[in-house]
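>>> Following is a predicted model, sequence given first.
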Amino acid sequence: MGLMKEIFAGPPWLVTWVCWLMIVNMGSIAFVKERIEARWVLAGFMAAAIIMTLLFETTGFTRLLGLAHIVGWTPVLVYLWTRRTSIDLAAPFGKWVLILVFTNITSLVVDFIDVIRYVLGDGALG
């Protein structure tokens, strides 16, 4: 079974969360022409997708998949932090950045926990 089939076979909350992550991160496309930060977000999202696909092919549907977000999104969030003074949070781009940062940090908390659990021997998801 493929990665997306595994995800969509999961509980409704997981499907909803994954769809939300994809929508928020792909929202970068709306700003990619005029904002370098959006290009970084898109690159981090694509890197995470590629890494997750490779991890899935190697380890299956395990907690190690969270490593893809850690590798792809952590540098982007650090970069956005360094750009915080140049982002108008009242503008549409700034509002999207706030939603993105909150969403991805929430995901990273779960991802770090999952990867730690994987390393400690609890690899199964679901």
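It's in. Residues are numbered from 1 along each chain as shown.

>>> Next one: the residue positioned nearest the centre of the chain from residue 18, what distance?
Most central residue of the chain, judged by C-alpha distance to the mean C-alpha position with CA atoms, centre = their mean, is residue 69 at 4.8 Å. For residue 69, the distance to residue 18 equals 11 Å [CB to CB, to the nearest Å]. No exception for glycine: its C-beta is placed from N, CA and C like everyone else's.

>>> just to revisit the earlier point, quickly note the distance from the residue nearest to the centre of the chain to residue 124.
From residue 69 across to residue 124, the span is 18 Å (CB to CB).

>>> Kindly report the same for residue 12.
Counting by CB to CB, the gap from residue 12 to residue 124 is 20 Å.

>>> Regarding the chain, what is its longest helix?
When the chain is parsed with DSSP state H, its longest helix is helix 92-119.

>>> Where does pLDDT dip in this protein?
Judged against pLDDT under 70, the low-scoring parts of the chain cover residues 1, 126.

>>> Tell me which stretches of it form strands.
In the chain, no segments count as strands under DSSP state E.

>>> ok, which stretches of it are helices?
With helices called from DSSP H, the chain shows them at 3-8, 12-26, 36-59, 66-82, 92-119.

>>> Can you tell me the number of residues neighbouring residue 16?
10 (other CB atoms under 10 Å).

>>> same question, residue 116
Counted with other CB under 10 Å, the neighbours of residue 116 add up to 12.

>>> That one and residue 80, how far apart?
Plainly put, residue 116 is 24 Å away from residue 80 if you go by CB to CB.

>>> what does residue 122 give?
For residue 122, the distance to residue 80 (CB to CB) stands at 31 Å.

>>> Next, the contact list for residue 79, please.
By CB atoms under 8 Å, 6 or more residues apart in numbering, residue 79 lies in contact with 37, 40.

>>> How about residue 122?
By CB under 8 Å, 6+ apart, residue 122 lies in contact with residue 63.
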